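Peer 1: Prediction below, plus the sequence it came from.
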Amino acid sequence: MQNKNKTVVKSMALLNLFLTEPKLTLSELISLSGMPKTSVHRMVSSLEEMGLLTRDRNGAYTLGLVFLEFGQLVSERLDIRQIAKPVMEELCQEVDEAVHLIMRDGNEAIYVEKIEGTQTVRLYTAIGRRSPLYAGACARSILSFLPQEEIETYIRQTEFVPIGSGTITDPAELLQTISSSLENGYTVSYSELENYTAAIGAPIFSHKGQVAAGISIAGFEARFTKERLPYLTEKVKGAALQISEKMGYKLPHTQ
């Protein structure tokens, strides 16, 4: 922290406000940031000059178009996303459910790709959305396959907050679920991030044998019946393995 430039850190804090708010006035930026008016005005002016912020005719600010350029570069350079997308599209056609690809970012999971099914009602998920690692099948498919010591540290340091009616907030229950995921190679969730929805997630491994991402199929709970679950489970596990192998991963017995 001592080596960080304070102005850069504060400017980033201002930009982070736009993650949840599409448009903010100068007064709102001052209020939400808790920073002095003169500091906010100076930083906002610089951010606008660099194209990181854009001001409309009413004086409200939005993120600048330069973020689209950076976002496109990031997307293009995420090799795993390029590798996974064709497999995800095929999986989506087979099961007709939404298919998600997520990656870990600290103690969170971030959605980096999504393929929609043909269902008329859409899930509230989108590329760029974040979720805690403990909530939802896709995120937990990453958490479950981290080194045991890392899992224990995460659970010890995390405050578990309910998001949906089925969110697991008890550490003991979470550990039990993780144990089952390790044994079965997948994890299932019901109403954890959004009520009346279900998901099945499986881990994607790198050529080093480390969990690199997670893939899931998700839809409304009524479609994830007991009879259909084995079929969906095998499909998502197969897709996860296919992507893993394309990344150079080899099953232990073939190494």
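Peer 2: Ah, there it is. Numbering: from 1, shown residues only.

Peer 1: quick one: contacts for residue 189?
Peer 2: 135-137, 140, 166, 198-199, 201 (C-beta atoms under 8 Å, 6 or more residues apart in numbering). Heads up, the C-betas are built off the backbone N, CA and C, glycines and all.

Peer 1: Can you tell me who the residue nearest to residue 130 when sequence neighbours are not counted pairs with across the strands?
Peer 2: Closest residue in space to residue 130, ignoring its immediate chain neighbours: residue 108 at 4.7 Å, by C-beta to C-beta, 6 or more residues apart in numbering. Beta-bridge partners of residue 108, counted by DSSP bridges, are residue 105, residue 132.

Peer 1: pLDDT on the strand or helix carrying residue 151, on average?
Peer 2: Here residue 151, judged by DSSP states H and E, is contained in helix 148-157. Average pLDDT, helix 148-157: 94.

Peer 1: so what secondary structure elements neighbour that helix?
Peer 2: The contact analysis (3 or more C-beta pairs under 8 Å, 6 or more residues apart in numbering; DSSP states H and E) places helix 148-157 against helix 171-184.

Peer 1: List the buried residues of the helix it packs on.
Peer 2: Residues 174, 177-178, 181 are the ones in helix 171-184 that count as buried (16 or more other C-beta atoms under 10 Å).

Peer 1: what's next to that helix, contact-wise?
Peer 2: 134, 140-141, 143-145, 151, 155, 160, 168, 187.

Peer 1: For the residues you listed, name the two members farthest from one another.
Peer 2: Spanning the widest gap among these are 145 and 160, at 19.6 Å by C-beta to C-beta.

Peer 1: of those two, who's got more company?
Peer 2: Taking neighbours as other C-beta atoms under 10 Å, residue 145 and residue 160 compare with residue 145 leading, 22 against 16.

Peer 1: for the closest residue to the more buried one other than its chain neighbours, phi and psi?
Peer 2: Of all residues not flanking residue 145 in the chain, residue 211 sits nearest, at 4.1 Å (C-beta to C-beta, 6+ apart). Residue 211 adopts backbone torsions of phi -60, psi 130, taken as degrees, to the nearest 10.

Peer 1: May I ask you to confirm that residue 211 is in contact with residue 203?
Peer 2: Yes: counting by C-beta atoms under 8 Å, residue 211 touches residue 203, with 4.7 Å between them.

Peer 1: which one of these two has more residues nearby?
Peer 2: Ranked by neighbour count (other C-beta under 10 Å), residue 211 and residue 203 place residue 203 first, with 27 against 18.

Peer 1: need the contact list for the more buried one.
Peer 2: Contacts of residue 203 by C-beta under 8 Å, 6+ apart are 141-142, 144-145, 185, 211, 213-214, 240.

Peer 1: now those residues: which count as buried?
Peer 2: Buried among the contacts of residue 203 (16+ other C-beta under 10 Å): 141-142, 144-145, 185, 211, 213-214, 240.

Peer 1: Need those in a markdown table (columns: distance to residue 60).
Peer 2: Output for these, formatted as a markdown table (distance: C-beta to C-beta, whole Å):
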| residue | distance to residue 60 |
| --- | --- |
| 141 | 40 |
| 142 | 37 |
| 144 | 43 |
| 145 | 44 |
| 185 | 49 |
| 211 | 42 |
| 213 | 36 |
| 214 | 37 |
| 240 | 43 |
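
Peer 1: Break down the stretch 1-150 of the chain into its strands, ranges please.
Peer 2: In the stretch 1-150 of the chain, the segments counted as strands under DSSP state E, counting those that start in this stretch are 53-55, 61-63, 98-105, 108-115, 130-132.

Peer 1: in the stretch 51-200 of the chain, which ranges drop under the pLDDT threshold?
Peer 2: Within the stretch 51-200 of the chain, the stretches with pLDDT under 70 are 72-78, 119-125.

Peer 1: Out of the contacts of residue 203, which is nearest to residue 34?
Peer 2: Nearest to residue 34 among those, with distances taken as C-beta to C-beta, is residue 142, at 33.3 Å.

Peer 1: host element of the closest residue to residue 251 other than its chain neighbours?
Peer 2: Among residues not flanking residue 251 along the chain, residue 241 sits closest, at 8.0 Å (C-beta to C-beta, 6+ apart). Counting by DSSP H and E, the element that carries residue 241 is helix 229-246.
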